[in-house]
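Student: Provide a 3D model corresponding to the input given below.
(one chain, ligands or ions: 1)
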Amino acid sequence: MLQLDSHPRGRHFLQIPGPSPVPDRLLRALSLPTIDHRGPEFGVLGLQVLEGLRKIFKTSQPVIVYPTSGTGAWEAALVNTLSPGDHVLMYETGHFASLWAKLAGKLGLEVELLSSGGTDVHLPDAPGWRRAVDAQQIEQRLRRDSAHNIKAVCVVHNETSTGVTSSIPSVRAAMQSAQHPALLMVDTISGLASADYRHDEWGVDVSVGGSQKGLMLPPGIAFNAISQRALEATRTAKLPRSYWSWDEMLESNRNGYFPYTPNTNLLYALAECIDMLLAEGLDNVFRRHERWGAGVRAAVEQWGLPIQCADPSAYSPVVTGVMTPPGTDADALRRLILERFDLSLGMGLGKVRGRMFRIGHIGDSNDLTLLAAIAGCEMGLRLSGVALAGSGVQAAMDYFASHAAPAGKAA
Ligand code: PLP
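Tutor: Numbers count the residues shown, from 1 in each chain. Below you'll find the model as predicted:
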């Protein structure tokens, strides 16, 4: 049994890049009594949420809401639009791009995984895990596919495992320039509601999102925002699907209902969260995250440790990957920081396991909680014997003090 009396005092610092800290206002919404998901009250909530989500994805087209984690919504995107043996072009930006590719392979799709390659002193065995999607490479590959065998291009907008954000408009421009008809599918599971995202304007066919990152909700719901072309693709798509089928969802959603039991209480909180984000203004939300990211990076630079993202134009507003010096086990460091300071940091995933840690700057945070998280990292690094060039806490304080939050509000 959970030993509640052994829980440390004060709030735990959940500084992983999702699930992110949930604002009290959303926790209160979650605690409302559960209602009949086929009753009249629910239909109103359903319609409100579906309409609000369109604003978050910046689309006038349907958004599907699944009771699932992001992985389910990855699968839904593929099975609704593709057929067994279809060729899909994916891009290895990190662990999550690799996992999506693996899932596509298990579904019977023929997966081609591009990677930026090259050399890298800090990550010689995985150089692509420090960089964004190279749209030119995609364009060149699509130009060679004159028979249009490639049915979909799938990329991750914000690669949570590395702290690298890719430019989706550049990928769409590359597809247009190659005059290739493939569908564009984008995982914005950790980008949505923290980094600028525009489903319609960027010409995305399926956007995949999740509840537990920028939307600041607990895990448990994930989304597919879809385009007209993606909807048309369902007519010929032959991958087996039942639970994930868009058709039945769209039919029920017309009146705000779902074909099976939705996560009623998470939807209360989703409605509340959409209100919060729209009241703040999405542009302010994006600026807030960019500013937090810049403050955290100021600290990492002052420590003298490499930021995992090697391209400053692709720095993520959501998460910063910090590479530990050779000989320092990043997982042991994270363990020490958790035990001593009750601060959870993101672990290195897949190819970078034990070689880096991740500081999330999303969810219910502010300058002072981020400074505390940076202080926890700095103390842990020193206790682990890592020689730091300077005080990251001081650098972050200087950054936050000299860069006011959007509209002068506390951020
Ligand atoms: N894609 C990205 C970018 C993610 O960050 C994650 C999870 O962190 C996933 C996909 C997988 O989502 P889930 O763990 O909710 O299934």
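Student: going forward, measure contacts and count neighbours with C-alpha atoms only.
Tutor: Fine.
Student: Quick check: Gly390 touching Ala298?
Tutor: No - using C-alpha atoms under 8 Å, Gly390 makes no contact with Ala298, being 10.9 Å away.
Student: and these two? which has more neighbours close in?
Tutor: Higher neighbour count among Gly390 and Ala298: Ala298, with 21 against 15, using other C-alpha atoms under 10 Å.
Student: Leaving out chain neighbours, which residue sits closest to the spatially most central residue of the chain?
Tutor: For the chain, the residue nearest the mean C-alpha position is Ser190 (1.1 Å; C-alpha atoms, centre = their mean). Nearest residue to Ser190, sequence neighbours excluded (C-alpha to C-alpha, 6 or more residues apart in numbering): Lys213, at 5.4 Å.
Student: what about that neighbour, which helix or strand?
Tutor: Using DSSP states H and E, Lys213 is not contained in any helix or strand.
Student: Quick check: it vs Ser69, distance?
Tutor: 11 Å (C-alpha to C-alpha, to the nearest Å).
Student: So which residues on the stretch 51-200 of the chain come close to the ligand?
Tutor: 69-71, 96, 158-160, 189-190 (C-alpha under 6 Å from any ligand atom).
Student: ok so, going back, of Lys213 and Ser69, who's got more company?
Tutor: Per other C-alpha under 10 Å, whichever of Lys213 and Ser69 has more neighbours is Lys213, with 30 against 18.
Student: Hmm, that one is touching Gly360, no?
Tutor: No - counting by C-alpha under 8 Å, Gly360 is not a contact partner of Lys213; they are 9.6 Å apart.
Student: any shared contact partners between those two?
Tutor: Common neighbours of Lys213 and Gly360, using C-alpha atoms under 8 Å, 6 or more residues apart in numbering, are 17-18, 20.
Student: Contacts for stretch 128-136, please.
Tutor: 91-94, 115-118, 123, 155, 162, 164-167, 170-171, 174, 308-311, 314.
Student: Report the mean per-residue pLDDT for that stretch.
Tutor: When pLDDT is averaged along stretch 128-136, the result is 96.
Student: hmm, back to that, so of the shared contacts of Lys213 and Gly360, which ones are in helices?
Tutor: Among the shared contacts of Lys213 and Gly360, none falls in helices (DSSP state H).
Student: wait, which of the residues you listed is closest to Asp331?
Tutor: Using C-alpha to C-alpha, Pro17 is the member of the shared contacts of Lys213 and Gly360 that lies nearest Asp331, at 15.9 Å.
Student: Pull the number of nearby residues for that closest one.
Tutor: Other residues near Pro17 number 26, with proximity taken as other C-alpha under 10 Å.
Student: cool, Lys106 as well?
Tutor: Using other C-alpha under 10 Å, Lys106 is surrounded by 11 other residues.
Student: Now it. Its backbone dihedrals?
Tutor: phi -70, psi -30 (degrees, to the nearest 10).
Student: ok, the closest residue to Asp86 other than its chain neighbours - contacts?
Tutor: Closest residue to Asp86 apart from its sequence neighbours, by C-alpha to C-alpha, 6+ apart: Leu109 at 5.2 Å. Leu109 makes contact with 83-88, according to C-alpha under 8 Å, 6+ apart.
Student: For stretch 29-44, list every residue counted as buried.
Tutor: Judged by neighbour count (16 or more other C-alpha atoms under 10 Å), stretch 29-44 contains these buried residues: 29-30, 37, 42-43.
Student: Check stretch 375-382 too.
Tutor: 375-381.
Student: Okay, and which of those map to helices?
Tutor: Counting by DSSP H, the buried residues of stretch 375-382 contribute 375-381 to helices.
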